[in-house]
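Participant: Sharing a model that was predicted from the sequence below.
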Amino acid sequence: MALQRQSGNGINSDRFRAGGSRFRMCHCIRRNRSIFTQLQLASYQYFSAALLHLQLRVNYSEASQADVNGAGKLALADVAQNAGFRVVATGEGADEHFAGYGSLSQNDSLLEPDHSRMTVEYSATKHAEAAQKANASMFPGHDLSKISTLPSTARALNHTRIAGPIPRTSPLFLGPWTNSLNPTDGQTVLLDSLSGETRQAIAEKCHPLHTAEFSYTKSFFANSLLRYLGDNIDMAFQVESRPAFLDHNLTEYANSLPPSLKMKVKYNLCEAVRQFATEEVYKRKKQPYIGPVEFQLDGQCTES
């Protein structure tokens, strides 16, 4: 971590860096020195609060941090406690069960036809074209071909793409010396963690979309995301978070749905609440919560 000050062109910028994330607060130097002093003090107070939340987030989550979202969740838990709430319902699990991560799950849903829903008009040729287009648009700007996967591992995981990005962040948290302990690629480690019964089901029964959802839920979701965005963070302020979408009855129902019903992001959930939601909410695109990577005073939070 480093706190730096930079000056130039009449702009004074304090930049905070934690891992690959950056907080930037800029303010113009005005002639009135007292006003500048007040702005400077507010700037450092902001960074003090940001530093505290980042430190507490790491302490309470006890997990690797893929982004800065946990700091925002920690602040939200603080607000809930001050408002007198002791239990909150959270949305973790909705994306995992209903293919909310379009860039991950939806291209996996095209790896094989969904015979339970395939219509006469939607031919195998159209299916192949859609699959090729989805794979090409996944992670724009990133060459996933550089992520090496053993052919046997790829076959065992139904050639799903979601297993590839999961271990790609490992070098960010582990030193180079760890390669001598386990030189196997991350996808194979994930596969080895699955039981023989599960691997047989993947090979013989599961559609690639269900394989992708299961792989993500049993790995990054459970071991990292639920820790730095879930109960570990909320309980720091004695607030109990209850992820309703992880209820086992709902999980079993979601697993029974054909992949074609999950092609449109959270289609099932949208239809379930349609009579209760406004037209604007029903039709709008997914609005994920993403912690700011870059923030300017009186400006917008942006992700670099």
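Facilitator: Nice, I can see it.
Participant: how close does the residue nearest to K285 when sequence neighbours are not counted sit to A99?
Facilitator: Nearest residue to K285, sequence neighbours excluded (CB to CB, 6 or more residues apart in numbering): V265, at 7.9 Å. C-beta coordinates here come from the backbone N, C-alpha and C atoms, glycine included. Here V265 is placed at a distance of 7 Å from A99 (CB to CB, to the nearest Å).
Participant: So between those two, which is more surrounded?
Facilitator: Using other CB atoms under 10 Å, the more surrounded residue of V265 and A99 is A99, with 28 against 17.
Participant: That one sits in which helix or strand?
Facilitator: Following DSSP states H and E, one finds A99 outside all helices and strands.
Participant: My guess is it contacts P208. True?
Facilitator: No. If you go by CB atoms under 8 Å, A99 and P208 don't touch, sitting 11.5 Å apart.
Participant: Q187 is in what secondary structure piece?
Facilitator: Assigned by DSSP H and E, Q187 falls in helix 186-192.
Participant: other SSEs contacting that helix?
Facilitator: helix 151-156 (3 or more CB pairs under 8 Å, 6 or more residues apart in numbering; DSSP states H and E).
Participant: mind listing what's buried in the helix it packs on?
Facilitator: 153-154, 156 (16 or more other CB atoms under 10 Å).
Participant: List just the nearest of those to K283.
Facilitator: A154 (37.5 Å; CB to CB).
Participant: what about the residue lying closest to that closest one once chain neighbours are set aside, distance to L76?
Facilitator: Among residues not flanking A154 along the chain, Q187 sits closest, at 7.6 Å (CB to CB, 6+ apart). For Q187, the distance to L76 equals 34 Å [CB to CB].
Participant: Same check on D67?
Facilitator: 15 Å.
Participant: do the same with L250
Facilitator: 24 Å.
Participant: Same question for L257.
Facilitator: Taking CB to CB, one finds L257 at 31 Å from L76.
Participant: same thing with T217?
Facilitator: If you go by CB to CB, the gap between T217 and L76 works out to 23 Å.
Participant: do H159 as well
Facilitator: 38 Å.
Participant: do R274 as well
Facilitator: 27 Å.
Participant: likewise C206?
Facilitator: Counting by CB to CB, the gap from C206 to L76 is 36 Å.
Participant: neighbour count winner among these two?
Facilitator: Remark: of C206 and L76, C206 carries more neighbours, 20 against 16, as counted by other CB under 10 Å.
Participant: unless I'm mixing things up, that one is touching F214, no?
Facilitator: Yes. In this structure, C206 is within contact of F214 by CB under 8 Å, at 7.3 Å.
Participant: low-scoring stretches of the stretch 51-200 of the chain, by residue?
Facilitator: 51-53, 66, 102-149, 161-185 (pLDDT under 70).
Participant: F276: how many residues sit nearby?
Facilitator: If we define neighbours as other CB under 10 Å, then F276 has 8 of them.
Participant: and if you look at G196?
Facilitator: By other CB under 10 Å, 7 other residues sit near G196.
Participant: Next one: the residue nearest to L269 when sequence neighbours are not counted from A222, what distance?
Facilitator: Distances taken as CB to CB, 6+ apart place F98 nearest to L269, at 5.7 Å, with adjacent residues excluded. According to CB to CB, F98 and A222 sit 17 Å apart.
Participant: which one of these two has more residues nearby?
Facilitator: Comparing F98 with A222 by other CB under 10 Å, the one with more neighbours is F98, at 24 against 14.
Participant: The more buried one contacts Y253, doesn't it?
Facilitator: No. If you go by CB under 8 Å, F98 and Y253 don't touch, sitting 10.5 Å apart.
Participant: Now do the shared contacts for those two.
Facilitator: Applying CB atoms under 8 Å, 6 or more residues apart in numbering, one finds that no residue jointly contacts F98 and Y253.
Participant: which residues in the stretch 201-304 of the chain form strands?
Facilitator: For the stretch 201-304 of the chain, the strands defined by DSSP state E, counting those that start in this stretch occupy 240-243, 294-295, 301-302.
Participant: Least reliable of those by average pLDDT, please.
Facilitator: When the strands of the stretch 201-304 of the chain are compared by mean pLDDT, strand 301-302 comes last with a mean of 49.
Participant: Not counting its neighbours along the chain, what's nearest Y289?
Facilitator: Nearest to Y289 is N69, by CB to CB, 6+ apart, at 6.4 Å.
Participant: May I have the phi/psi pair for that neighbour?
Facilitator: Torsion angles at N69 (phi, psi; degrees, to the nearest 10) stand at phi -60, psi -30.
Participant: Right, I'll leave it there.
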